[in-house]
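Chemist: Predicted coordinates and the sequence they were generated for:
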Amino acid sequence: MNGMNETPRANVPGYAPARPPLLAELPPFPAVALRAMQMVSNSETGLRELHDMIRADQAFSAELLRITNCPLYGIRCQIKSTMQATMLLGFERVKAVVLTIGLRSYLGAGLRIPALRACWRHSLACAMITEELAKVSFLGTRWGGCEGLIASSKDNLPPQPTTAGNPGDASKPILDKDVAYTAGMIHDLGRLALAASRPQQYAELVKTAGDGSRDMLQREREAFGMDHCEMGHSLARAWNLPLELDEVMSKHHAPVDGTRFDLLAVVQLACRMSEALGFDTGGSANPTTYEELICEFPDRERRHFDCDPEELARAVSAKIAAIEPT
């Protein structure tokens, strides 16, 4: 999957996006990041359009250069322009970086509140782990576990799958890793939106939670009139996002279907793995252990995934440190 299929809902007869009253309270989402989420074509035209938008926004341009020059992406030469960054990283990866910058900007001063910073770190950890899980969605091909993530944080080398695979070949991954990163990054966009609308109120809600994700959803409904999954769905419709992103934003707390290893299932697993590794939002009293989660992998993917939890947690922490503002 090298892109995301989209049915433009604006063209569907009778389509009228729901706009709950709470949406009117939300701060504006950065236009560059919003457009990046809406774009599904990885064509040269799409890359040029995205670059033009980044170049027109001085803050985004500066942050893109700062992040792409850190060890996170393993680019050995110094990147001096946004055009160089977009050409070296590629369309999907630039979209992911822009979205990461946009979400951080969206929370703004709220990141100084420990409970909300934990929500932000959970989204980052989920994105990174979702990307790693996408690499094991192979059909009959051995992949070296989390060596790519850990090596890139230690040696400044980009992740390298052991086999490339050809179109139609059984060794080709099912999920595109950059699309997976984006999906993991935005899975809790509804939560971040609730937090951005009323930072102190949401921080207090997180502090008093602790009876599991469903309890937290109920607490959100009582405090805000909707939970973060419902808010995610409302945002996806209001912003006309691709259907796959809508599903991830609205259903990541739905019962897990053990027969699937598609984008939603991988994000659900990465979300719970993030909590098990310590990147939690404070809303789950008894998270599933890392070992129990590994046992939930489909047999094929479990055979291909071999990663020590402490090493994985350290690698994710190092990457978050490279992205977070000082």
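Modeler: Received, thanks. Numbers count the residues shown, from 1 in each chain.
Chemist: tell me the contacts of residue 97?
Modeler: Residues near residue 97 by CB atoms under 8 Å, 6 or more residues apart in numbering: 64, 67-68, 89. All C-beta atoms are positioned from the backbone trio N, CA, C, and that covers glycine.
Chemist: which of the residues in the longest helix along the chain are buried?
Modeler: The longest helix of the chain (DSSP state H) is helix 114-134. Going by neighbour count (16 or more other CB atoms under 10 Å), the buried part of helix 114-134 is 115-116, 118-134.
Chemist: For stretch 278-295, C-alpha coordinates in PDB please.
Modeler: Taking Å, rounded to 0.1, in the frame of the first residue of the first chain, the C-alpha atoms of stretch 278-295 are listed here in PDB:
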ATOM      1  CA  GLY A 278       5.800   3.700  29.300                       C
ATOM      2  CA  PHE A 279       4.500   6.200  26.700                       C
ATOM      3  CA  ASP A 280       1.000   6.200  28.100                       C
ATOM      4  CA  THR A 281      -1.600   9.000  28.500                       C
ATOM      5  CA  GLY A 282      -2.500   8.100  32.100                       C
ATOM      6  CA  GLY A 283      -5.900   6.800  31.100                       C
ATOM      7  CA  SER A 284      -5.200   3.000  31.500                       C
ATOM      8  CA  ALA A 285      -4.900   1.500  35.000                       C
ATOM      9  CA  ASN A 286      -3.800  -2.000  33.800                       C
ATOM     10  CA  PRO A 287      -2.200  -1.800  30.400                       C
ATOM     11  CA  THR A 288      -1.400  -5.100  28.700                       C
ATOM     12  CA  THR A 289       2.200  -6.100  29.100                       C
ATOM     13  CA  TYR A 290       4.600  -6.000  26.200                       C
ATOM     14  CA  GLU A 291       5.000  -9.800  26.300                       C
ATOM     15  CA  GLU A 292       1.200 -10.300  26.100                       C
ATOM     16  CA  LEU A 293       1.000  -7.900  23.100                       C
ATOM     17  CA  ILE A 294       3.700  -9.800  21.200                       C
ATOM     18  CA  CYS A 295       1.600 -12.900  21.700                       C
END
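Chemist: Quick one: mean pLDDT over that stretch.
Modeler: If you average the pLDDT over stretch 278-295, you get 81.
Chemist: how about that stretch: buried residues?
Modeler: Those would be 279-284, 287, 290, 293-294, for stretch 278-295 by 16+ other CB under 10 Å.
Chemist: got JSON lines for those, with distance to residue 258 and secondary structure too?
Modeler: Formatted as JSON lines, the buried residues of stretch 278-295 follow (distance: CB to CB, whole Å; DSSP: H, G, I helix; E, B strand; the rest coil):
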{"residue": "279", "distance to residue 258": "23", "secondary structure": "coil"}
{"residue": "280", "distance to residue 258": "23", "secondary structure": "coil"}
{"residue": "281", "distance to residue 258": "24", "secondary structure": "coil"}
{"residue": "282", "distance to residue 258": "27", "secondary structure": "coil"}
{"residue": "283", "distance to residue 258": "23", "secondary structure": "coil"}
{"residue": "284", "distance to residue 258": "20", "secondary structure": "coil"}
{"residue": "287", "distance to residue 258": "18", "secondary structure": "coil"}
{"residue": "290", "distance to residue 258": "17", "secondary structure": "helix"}
{"residue": "293", "distance to residue 258": "12", "secondary structure": "helix"}
{"residue": "294", "distance to residue 258": "13", "secondary structure": "helix"}
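Chemist: Can you get me a residue count around residue 253?
Modeler: Using other CB atoms under 10 Å, residue 253 has 18 neighbouring residues.
Chemist: circling back to that earlier point, mind giving me the packing neighbours of the longest helix of the chain?
Modeler: Packing contacts for helix 114-134, counted by 3 or more CB pairs under 8 Å, 6 or more residues apart in numbering; DSSP states H and E, involve helix 91-107, helix 147-155, helix 177-186, helix 189-197, helix 199-208, helix 263-276, helix 309-323.
Chemist: Please repeat the previous calculation with a cut-off of 7 Å.
Modeler: helix 91-107, helix 177-186, helix 189-197, helix 199-208, helix 263-276, helix 309-323 (3 or more CB pairs under 7 Å, 6 or more residues apart in numbering; DSSP states H and E).
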